[in-house]
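**Student:** Predicted model and sequence below, questions to follow.
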Number of protein chains: 2
Amino acid sequence: MADADFEVQLLLTGNEIMSGDTVDSNSALIAQRLGAIAVGVRRKVTVGDDVALLKAELAAMATTADLVIVNGGLGPTIDDLTAEVLAAVAGVPLAEHPRAVAHLEQWCAARNLTLNAANRKQALLPEGAAIIDNPIGSAVGFELDVGNCRVVCTPGVPGELRAMLDSIVDDLAARLESPVERNILRLQTFGLGESTAQQIISDGVDNWPAEVELGFRAGAPQMEIKLTVNTAAALPAQQACRDQLERLFGDHIIGEGDTQMAEAVLELLIARGATLTTAESCTGGLIASMLTKVPGSSAGFHAGFVTYANDIKSAVLGVREDTLAEHGAVSEPVVLQMAGGALEKSGADYAIAVSGVAGPDGGSDDKPVGTVWLAWGRRGALHTRRLHWPVERTLFQTMVAAAGLDMIRRELLGIDAESRYFQQRSVKR
Amino acid sequence: MADADFEVQLLLTGNEIMSGDTVDSNSALIAQRLGAIAVGVRRKVTVGDDVALLKAELAAMATTADLVIVNGGLGPTIDDLTAEVLAAVAGVPLAEHPRAVAHLEQWCAARNLTLNAANRKQALLPEGAAIIDNPIGSAVGFELDVGNCRVVCTPGVPGELRAMLDSIVDDLAARLESPVERNILRLQTFGLGESTAQQIISDGVDNWPAEVELGFRAGAPQMEIKLTVNTAAALPAQQACRDQLERLFGDHIIGEGDTQMAEAVLELLIARGATLTTAESCTGGLIASMLTKVPGSSAGFHAGFVTYANDIKSAVLGVREDTLAEHGAVSEPVVLQMAGGALEKSGADYAIAVSGVAGPDGGSDDKPVGTVWLAWGRRGALHTRRLHWPVERTLFQTMVAAAGLDMIRRELLGIDAESRYFQQRSVKR
């Protein structure tokens, strides 16, 4: 059988998925991991915890698919039906699997629990099934062939599924005639929309090579651009495409893989032995929080100030009361004084200061919801900009926080180019 | 036909869902909205943008289901196949729909765009289809009967789908013999695990009424408990169950609906005309950020301090250097001085101070990763506690931030009871 004909289907089970109480992210994880060895998923079916439905779906899948991955239904409760269903479809009885019992005994012992009947049910597997180890949870995975179809049963708990996928993907790769080492280069960008990026590429690249698949994943605050190739021979073409993107909007590329804005900024700061401080009004601590989510952030970030009220801007950061009275909290002189105060109080090398109208209330004709003043830079060399970013409150906070970090990133990298989102969203003072 | 036999299936299309690049949350949204009128989804199938696959799935569904909701594939590109597929399965031609054209013209005019051929494709619908208005996007929804099955086609953009669901659900309710007004009471809790809550209820309630369905949705930092009834007659039983939960662990219930911890705390603060300040080390601004995500938070939160480094704890909050030297940053006297300093600098009525070891590095035998000291309360009446919460860094930050807020909530409500997570995670000094 040619690999291109190798058919994978997913069968997902769980009442909580059918009711919409839980959003299924497991199938996306499985598809991504299979995608890395160039195996696509043809079809996925989701049903509740219902024996008859599950049997019908699995039996139908097994007649056409080469591999079915079942997710969910491995737990200790009466609603966990996967072993029973697979046994019925394969026409074999359920039997207690010694290795699964041993795993359960070990699992319980490590937690000072007694192995009870409910847990013991998880060792009752279709006769002849092979075990897939679960390094985290009590329920082992298992697999069994039904005719020509391999059925692999995996746990619904995302961490447990994740822990099992390596061995499942390795096994699958070994079954393929010519496993492809698909290579996906992911670029993280900030300040570009999907359609804008597509347009710039269409206008700026004459002959995009057919062997490099271009993909976008919009997110907030970042957008990911994917360059996918399916052969090692296409790697130079992938690199050439990357170079083109660098040429077209390299200043918007934060990093590769899943690099987050705050990570990129911290890495640049730490490499220079520099530190950053934050003076936040409308973002309310989000910039500091983004930074401190990164392990090791203490090397580049020592102090942040959330000065949400005017009197706090004065008391904590030394913003002058007459400046606040004359210009209002959302103004250029106020963000400049906030940044200056934060630099002085913290002794940091760089500062970001933000004051804006996050909404939904608090806007005026002069300063509508979505208005924000940013200040950033070093002591004595601060820059400012007024932007208008009229989106929902938490998205506004997210985008503005990332924009502040991006300005520090650009400064640290010595990027002169005006960002596209500045061109788009700047407001004359 | 009895309503119980009314069968709904979902057909989801999109290469980005099949590849795992996008996690499908639309089907959960649809299921939740149907659940509100007690209509369950029997089965959902997801395939890529492939005409043959889509036709086969839709044709099979239409033979057994009463309603099929198709999601995705309505856009302007060549990959958007839904109209073509439905026309083929229904055996009708595609035709330009005048109301869809009018909608497109209006949509383009409002955006100062010219209606191009790609966009115009979105008006090409199966002959005889009825339009479902799209108040947001360019692609209208549409519906058509295939035999006895109504097929409703909806856009993949979540906001557009959401905007269409009201009218779809209303239409469906009108078709049912005896539409049920399902009532779901959602309680938000903090500091209880799913299995703990289940155990407390099993032990503490003798006769749980069969007509009240109990459900849990674990999350971080909160867990939701759902009490679902399907008839108005069962509303008193639902209320009685709620009372039982209040009795058993009412101090862990933050609020109803989707109330977030920070909202609950702000509401209590604002009702009392009081304000809160934060002095954060290991949570790094997250508590402030949780608070300021809430619209109107400025009434109860004026100032936050992120004092990540020792010298900043001294310079900004007045923590004594000899205290830091003697006890270390993660210690009771330091969080007390942090809280005291924040109260003094901000003039706030209440403070939360946090210092801990978020990891992955920085732990010691004495203070392993996951160790945290909390201080909270009013000037001159501060409380402290040492906890051990050994989970991954960002989850640690989330849980500790929520625990700090929870202590203020408990203080504002005059709750004396020791929380279960304190009982579980407290560490002798």
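**Tutor:** That came through, no problem.
**Student:** Secondary structure class of A:Ala100, three-state.
**Tutor:** helix (DSSP: H, G, I helix; E, B strand; the rest coil).
**Student:** how far away is it from A:Pro155?
**Tutor:** 13 Å (Cβ to Cβ, to the nearest Å). The C-beta positions use only the backbone N, C-alpha and C, and glycine is treated the same way.
**Student:** between those two, which one's more packed in?
**Tutor:** A:Pro155 (28 against 23; other Cβ atoms under 10 Å in any protein chain shown).
**Student:** Quick one: residues contacting the more buried one.
**Tutor:** For A:Pro155, the contacting residues are A:Asn71, A:Gly72, A:Leu74, A:Gly75, A:Asn134, A:Gly137, A:Ala139, A:Gly141, A:Leu161, A:Met164, by Cβ atoms under 8 Å, 6 or more residues apart in numbering or on different chains.
**Student:** Check which helix or strand the third one maps to.
**Tutor:** Same thing as A:Leu74. Assessed by DSSP states H and E, A:Leu74 sits outside every helix and strand.
**Student:** gap between the closest residue to it other than its chain neighbours and chain B?
**Tutor:** Distances taken as Cβ to Cβ, 6 or more residues apart in numbering or on different chains put A:Ala139 closest to A:Leu74, at 4.0 Å, once the chain neighbours are dropped. Counting by Cβ to the nearest Cβ, to the nearest Å, the gap from A:Ala139 to chain B is 15 Å.
**Student:** what about A:Ala139, helix or strand, and which?
**Tutor:** Using DSSP H and E, no helix or strand contains A:Ala139.
**Student:** That one: what's it in contact with?
**Tutor:** A:Leu74, A:Gly75, A:Pro76, A:Gln122, A:Pro155, A:Glu160.
**Student:** Mind putting those into CSV with pLDDT and distance to A:Asn310?
**Tutor:** Putting the contacts of A:Ala139 into CSV (pLDDT from 0 to 100; distance: Cβ to Cβ, whole Å) gives the following:
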residue, pLDDT, distance to A:Asn310
A:Leu74, 91, 57
A:Gly75, 82, 54
A:Pro76, 78, 57
A:Gln122, 90, 60
A:Pro155, 94, 53
A:Glu160, 91, 51
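**Student:** Derive a PyMOL selection command for the buried subset of those.
**Tutor:** In PyMOL, this line selects whichever of these come out buried by 16 or more other Cβ atoms under 10 Å in any protein chain shown:
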select buried, chain A and resi 74+75+76+122+155+160
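**Student:** any idea of the pLDDT on the residue nearest to A:Leu74?
**Tutor:** According to the predicted model, the pLDDT of A:Ala139 comes to 88.
**Student:** And the one 3 residues further on, by the same measure?
**Tutor:** Among the per-residue scores, A:Phe142 holds a pLDDT of 97.
**Student:** and if you look at A:Ala174?
**Tutor:** 87.
**Student:** ok, now how distant is it from chain B?
**Tutor:** Applying Cβ to the nearest Cβ, the value for A:Ala174 to chain B is 22 Å.
**Student:** swap in A:Leu67?
**Tutor:** 15 Å.
**Student:** So what pairs up with that residue in the strands?
**Tutor:** A:Leu67 has these beta-bridge partners by DSSP bridges: A:Val8, A:Arg150.
**Student:** show me what contacts it?
**Tutor:** Shown in contact with A:Leu67 (Cβ under 8 Å, 6+ apart): A:Phe6, A:Glu7, A:Val8, A:Gln9, A:Cys149, A:Arg150, A:Val151, A:Val152, A:Leu172.
**Student:** cool, A:Ile132 as well?
**Tutor:** Taking Cβ under 8 Å, 6+ apart as the test, what A:Ile132 contacts is A:Val140, A:Gly141, A:Phe142, A:Glu143, A:Val152, A:Thr154, A:Met164, A:Ser167, A:Ile168.
**Student:** so where do the strands sit in the stretch 201-350 of chain A?
**Tutor:** A:213-218, A:222-229, A:253-256, A:276-280, A:301-307, A:350-356 (DSSP state E, counting those that start in this stretch).
**Student:** Out of the ones you listed, which gets nearest to B:Pro93?
**Tutor:** Closest approach to B:Pro93 among those is made by strand A:213-218 (33.7 Å; Cβ to Cβ).
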